[in-house]
Every structure is written in structure tokens, then in C-alpha cells.
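**Q** Starting from these lines, generate the structure:
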Amino acid sequence: MQRQWTREVGCGDAFILITLEFPALGEAAASTMTEQLFKDVLTRALTDLYGVVGGAVPFTLLHLEGGAGIVRVARSDVDKLWAAASFATCYDQHELRLTPRRSSAFLLQLASDSRRWAEESLFAAGPVAAGQGKGA
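**A** Here you go, the predicted structure:
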């Protein structure tokens, strides 16, 4: 009888949803947020916490909408990026709030928010009374 082998196939990357806010600047900062600014803030947070060598964590900003960005990073560096984002408090003498929201091994879990979709899709029409559903 031939021996069977099990192979785990997976991506070596993880994805983190991070929000960036500048409380003193208000909503204007979120609407004018650029990808370069987001990357610079995240890079500065890493080097401030771990130094130049320890903070040399490669990451890719996949999507930026408002102040929320989805970042791809190696699984081994997720904790470093999460901690650096949590400890960041200022950038170029401006107070900021860099908040990691969620992390996942799968991009789809971060790209879509099932709770928000349910609220918008299912509950937008209001409650359905008995006997008023489809086919009634």
C-alpha cells in the first residue's frame, strides 16, 4: 500500500485592516489621504518602535479608502506591524491615531464587511410584517 502525503497549501502573507486618523485635522485629513502618506506613516511607526534594521518590514498597501487601508505583510511580521501601528502617536508633529482593526490570512475577509452588507441589504427595507413577504 502506497503511503499518502498531506500537503498544506497556503499563502505566506497576512492582511491587516488599519485606519489612520489625524484628530486635530478632522474629516479633511481622511478625504485628502494619499497612499504615500499612509505608507510613510506606517514606515515611520515601524522604525520608531524597532529601529532602522528591526523596522525594515516589507509591506504592500493594497487598498486605501478614506483613512482605512488594507496592508499585505508576511505572516511572520504581522505582530511587528500590529504593535508598531498601535504605538504610533505622531507624524511630523501632528497627533495621529493609527489603529489596526482586523487581520486575516484571507483578503476577502477584510475586503468585505458582512455585517455592514447585512445591514444595508437586508434591513434597508425595514421590518417585514407577517404575510407581506415574497409570494404573499
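**Q** Who does the residue positioned nearest the centre of the chain form a beta bridge with?
**A** The residue lying closest to the centre of the chain (Cα atoms, centre = their mean) is Leu17, at 0.7 Å. Beta bridges link Leu17 to Ile70, Arg102 when assigned by DSSP bridges.
**Q** and if you look at the one 4 residues further on?
**A** Glu21 has these beta-bridge partners by DSSP bridges: Arg97.
**Q** Let me know how buried it is, in neighbour terms.
**A** 19 (other Cβ atoms under 10 Å). Yep, even glycine has a C-beta here, placed from its N, CA and C like the rest.
**Q** Chain neighbours aside, what residue packs nearest to Glu95?
**A** Once flanking residues are discounted, Glu95 sits nearest to Ala24: 5.5 Å by Cβ to Cβ, 6 or more residues apart in numbering.
**Q** for the protein, what spans make up the helices?
**A** Here the chain has its helices, by DSSP state H, at 27-31, 35-54, 78-87, 107-111, 114-122.
**Q** Deepest-packed of those, please.
**A** Of all the helices of the chain, helix 78-87 carries the top mean neighbour count, a mean of 18, counting by mean count of other Cβ atoms under 10 Å.
**Q** what mean pLDDT does it have?
**A** Mean per-residue pLDDT for helix 78-87: 95.
**Q** how distant is that helix from the center of its chain?
**A** In terms of Cα atoms, centre = their mean, to the nearest Å, the centre of helix 78-87 is set 12 Å apart from its chain centre.
**Q** With stretch 63-81 instead?
**A** Centre to centre, stretch against its chain (Cα atoms, centre = their mean), the figure for stretch 63-81 is 5 Å.
**Q** Give me the contacts around that stretch.
**A** 12-21, 29-31, 33-35, 38, 42, 46, 50, 54-55, 57-62, 100-101, 103, 105, 107, 110-111 (Cβ atoms under 8 Å, 6 or more residues apart in numbering).
**Q** Fine by me, thanks again.
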